[in-house]
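Asks: sequence first, then the predicted structure:
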Amino acid sequence: EQLANQIAAGEVVERPASVIKELVENAVDAGSSTIDITVEEGGLNLIRVTDNGSGIPAEEIETAFQRHATSKISTSSDLFRIASLGFRGEALPSIAAVSRLECLSSTGHTGLGHKLSIEGGTITASIPAATPQGTDMTVRDLFYNTPARLKYMKAVQTELGHISDYIYRIALAHPGIAFTLKHNGNTLLRTLGTGDRLQVIAAIYGSNTAKAMMAIQGESPDYELLGYISKPELTRSNRNGITVIVNGRYIRSHAVNQALLQAYHTLLPINRFPLAIIEIGMHPSLLDVNVHPSKMEVRFSKEAELRTLVESAIQAALGKERHIPGP
Ligand code: ADP
Ligand code: MG
């Protein structure tokens, strides 16, 4: 069991950013309206994710740290229509296997909850504790008992780069949630949770960038598309500024990226890239998220239709911008 957890940990927990991804996705799944992320030394000393979501019932906390204990799937056919972000029940046991973890959680406003402490996969305390509604996960000394993994960790700045990159994208995916990200005491991001995606863009990239964004939208029989793309005068040297969100999940899709850039470079034949946030809505049955444990790369069952939609929506937005009549 311990070994199975450490093996699973190798797949799920690649680096501090993967821990943050799993904890923050759980907080989103729990219906939180605020999520605070605190990190020290690139996440290797400390990662803390505090949410005000549903909380975990005291009698379920220990179970939540057992393998394949997900509360999010009840039948195997559910796997084909996944709506929530988590679904494998592997994250918590994997993280707990390779760190010193403390979980404080409460399901109500009574101020009463439960505290579970785990070191390297072994429970060291499980006691009632005072805590507000929601969940507060603290992960210390990540990889302290897996020196081989620890050796692969890069400089603090590199790990922090992966962390902030992920938090920016999840904040873009959820403009209705107020996020804060702090590293070594400095606030790196604060979003307001008003639901306004341009406000999130401004918080991440600055208000001038937010002003240089154009709305994109479109629909096809199976897909709906919404988002923003930068005006032609605002370009970037790489494609990292493209964020794709599918049914509330930040994902990687080669197909969507390619369609977007195809349309963009047809209209702007330059070796530069846009800042773009594309949100795709669709019936979950058309999506296969169960491709890789990290759940990042997805497949669409009607990919050609989606490509066409993305291309035409980008063309429409950029075309409009180009054909504004002169004064
Ligand atoms: P999964 O997300 O795939 O279900 P996890 O290992 O990430 O598996 O979490 C296990 C279970 O613990 C979840 O199904 C959920 O019931 C509970 N849980 C974890 N984090 C939170 C949280 N922040 N708020 C409420 N419940 C949580
Ligand atoms: Mg999860």
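Replies: Nice, I can see it. This is a predicted model, so every value here is computed, not measured. Ligands and ions are numbered 1, 2, ... in the order given.

Asks: wait, what's in contact with Glu22?
Replies: Val12, Val13, Gly86, Ala91, Leu92, Ser94, Ile95 (CB atoms under 8 Å, 6 or more residues apart in numbering). Using the backbone N, CA and C atoms, a C-beta is placed for each residue, glycine as well.

Asks: any chance of JSON lines for those, columns pLDDT and distance to Ile167?
Replies: Output for the contacts of Glu22, formatted as JSON lines (pLDDT from 0 to 100; distance: CB to CB, whole Å):
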{"residue": "Val12", "pLDDT": "72", "distance to Ile167": "18"}
{"residue": "Val13", "pLDDT": "86", "distance to Ile167": "17"}
{"residue": "Gly86", "pLDDT": "49", "distance to Ile167": "17"}
{"residue": "Ala91", "pLDDT": "90", "distance to Ile167": "17"}
{"residue": "Leu92", "pLDDT": "94", "distance to Ile167": "20"}
{"residue": "Ser94", "pLDDT": "92", "distance to Ile167": "20"}
{"residue": "Ile95", "pLDDT": "95", "distance to Ile167": "17"}
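
Asks: for those residues, which one is nearest ligand 1?
Replies: Gly86 (2.2 Å; CB to the nearest ligand atom).

Asks: need the max-distance pair from the contacts of Glu22.
Replies: Greatest spacing in these, by CB to CB: Val13 and Gly86 (14.1 Å).

Asks: what about those two, which has more around it?
Replies: Legend: neighbour count by other CB atoms under 10 Å for Val13 and Gly86, higher for Val13 (29 against 20).

Asks: sorry, back to before: neighbour-wise, which one of the contacts of Glu22 leads?
Replies: Neighbour max across the contacts of Glu22 (other CB under 10 Å) = Val13, 29 neighbours.

Asks: gap between the closest residue to that residue other than its chain neighbours and Ser285?
Replies: Excluding its sequence neighbours, the residue lying closest to Val13 (CB to CB, 6 or more residues apart in numbering) is Ser94, at 5.3 Å. Separation of Ser94 from Ser285 (CB to CB, to the nearest Å) stands at 28 Å.

Asks: now do Gln258
Replies: 24 Å.

Asks: who's more crowded, the two?
Replies: Gln258 (13 against 10).

Asks: helix, strand or coil for that one?
Replies: Local secondary structure at Gln258 is given as helix here, using DSSP: H, G, I helix; E, B strand; the rest coil.

Asks: helices of the stretch 51-200 of the chain, residue ranges please.
Replies: 61-64, 91-97, 147-151, 156-173, 197-205 (DSSP state H, counting those that start in this stretch).

Asks: outside of the third one, which residues touch it?
Replies: By that I understand helix 147-151. Contact with helix 147-151 is made by Gly10, Leu44, Val98, Phe143, Tyr144, as judged by CB under 8 Å, 6+ apart.

Asks: tabulate these (CSV), appending pLDDT, neighbour count and distance to Tyr205.
Replies: Output for the contacts of helix 147-151, formatted as CSV (pLDDT from 0 to 100; neighbours: other CB atoms under 10 Å; distance: CB to CB, whole Å):
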residue, pLDDT, neighbour count, distance to Tyr205
Gly10, 64, 16, 34
Leu44, 96, 21, 27
Val98, 95, 25, 34
Phe143, 95, 20, 32
Tyr144, 95, 15, 36
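
Asks: and which of the residues you listed is nearest Ala276?
Replies: For the contacts of helix 147-151, the nearest to Ala276 is Leu44 (32.3 Å; CB to CB).

Asks: if we can go back for a sec, out of the helices of the stretch 51-200 of the chain, deepest packed?
Replies: helix 91-97 (a mean of 26; mean count of other CB atoms under 10 Å).

Asks: can you give me how far that one is from the chain middle?
Replies: 18 Å (CA atoms, centre = their mean, to the nearest Å).

Asks: report the buried residues of stretch 97-109.
Replies: Ala97, Val98, Ser99, Arg100, Leu101, Glu102, Cys103, Leu104, Ser105, Ser106, Thr107 (16 or more other CB atoms under 10 Å).
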